[in-house]
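Trainee: Need the 3D shape of this:
(one chain, ligands or ions: 1)
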Amino acid sequence: MRYSLTMTPEERRAFVEDGVVILPELVPQKLCRAAAAAIETENAGRSEEVQALYHGSPLRALFEELLGGETQPVTGAQVAVRHPTPPEQLDIYMGEPTPSPSDWNGHVDGIAIHPGPHKDDPDREAPIMSFSCLVGVALNDQTERDCGNFAVLRGSHMANAAFFAQQAAGDGPLGPGGPNWSLEPWRREEGSNASRGQRPELRARMIPPPTRAMGDSPRYVGSPEDGGWWPSGTQQLLRTGDAVLAHYLACHGESRHAGKEPRKMVFFRIKHRRHTEYRPGEHHTSEMQHMAAVLSDPWLEWEGLGEAQASGATDPS
Ligand SMILES: [Fe+2]
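Mentor: Below is the predicted model:
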């Protein structure tokens, strides 16, 4: 197996084990400067300058290698600028101290935040809007902690996959409302963050239950009768031009921002060519069975990851 120069065997192993890896200085500074200027404009995610971070850097070829060929077209991006929080609002959520470690709102994207057919109960029958990999490009230095850093719950990609595999073995469907994940009633308040629910039902959401107690400093919130765990994430320290890869199944989120400068990131969501949304109501169709397998096996789509994928920690040489 020949490895590309853009991702070493060590980086591949780190990605397999942690579900996240930083590829230093992968995106040329010139592209980052142009994108940083462009993000001030409307529809910046689709702008030539922002798209060039992926298509004009080694990222595109890297993903075509990792995912075993052409991916679904990448035409959009999320511009994620996080401004410092005023000191008096730090660690406060809805008027009370935040329960989340480091005010970290860890989640898996696309689980039960897109209202399904039941408008009063968006969890039920909501599709899992998944993808293969989240790729962040830093447009400024983020080398200090607690400055809005992108954070990832290391190893959660494996725990989440194991949970989905259990749900699949229990005849599905996958996600909230399936085996071992009861629906968690909530009401979205105008302007509130959907993944946090609302007091008094404040809880970590969008994360399979077993994963919520993971991390270096998870925290139990609420009473034993009506409480739950919040996981803690590892803040990623980045320099301008660094790319951070986070597996879809890895819980991620941004950290508290007690710094002075806005944190500037651009995120791309990359999909394997066969990837589609998972619709629980169609669990038994062959298309959904494929997606259930993808969500249960973190490496099914990663045909080009190399031996790190199969052996975890074996030196490929
Ligand atoms: Fe997210």
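Trainee: C-alpha only now, for contacts and for neighbours.
Mentor: OK.
Trainee: just how off-centre is stretch 156-168 within its chain?
Mentor: 15 Å (Cα atoms, centre = their mean, to the nearest Å).
Trainee: no no, stretch 16-35
Mentor: 16 Å.
Trainee: Just the endpoints, please. Distance across that stretch?
Mentor: Start and end residues of stretch 16-35 are separated by 30 Å (Cα to Cα, to the nearest Å).
Trainee: Quick check: Val244 vs Thr8, distance?
Mentor: From Val244 to Thr8 the distance is 14 Å (Cα to Cα).
Trainee: quick one, which of the two is more surrounded?
Mentor: In this view Val244 and Thr8 are compared by other Cα atoms under 10 Å, and Val244 has more residues nearby, 21 against 12.
Trainee: Secondary structure class of the more buried one, three-state.
Mentor: State at Val244, reduced to three classes by DSSP: H, G, I helix; E, B strand; the rest coil: strand.
Trainee: which non-adjacent residue is nearest it?
Mentor: Once flanking residues are discounted, Val244 sits nearest to Ile22: 4.4 Å by Cα to Cα, 6 or more residues apart in numbering.
Trainee: The host helix or strand of the one you found packs against which elements?
Mentor: Assigned by DSSP states H and E, Ile22 belongs to strand 20-23. The helices and strands touching strand 20-23, judged by 3 or more Cα pairs under 8 Å, 6 or more residues apart in numbering; DSSP states H and E, are helix 9-18, strand 243-247.
Trainee: Highest mean neighbour count out of those?
Mentor: With neighbours defined as mean count of other Cα atoms under 10 Å, these peak in mean count at strand 243-247, which reaches a mean of 24.
Trainee: so where do the helices sit in the stretch 1-150 of the chain?
Mentor: Residue ranges of the helices in the stretch 1-150 of the chain, as given by DSSP state H, counting those that start in this stretch, are 9-18, 29-38, 48-55, 59-66.
Trainee: Need the contact partners of the strand holding Ile22.
Mentor: 6-7, 11, 14-15, 152, 154, 236, 238, 242-247, 250 (Cα atoms under 8 Å, 6 or more residues apart in numbering).
Trainee: center of the chain - which residue?
Mentor: His252 (4.5 Å; Cα atoms, centre = their mean).
Trainee: so who does that one touch?
Mentor: His252 neighbours (Cα under 8 Å, 6+ apart): 105-108, 150-153, 233, 246.
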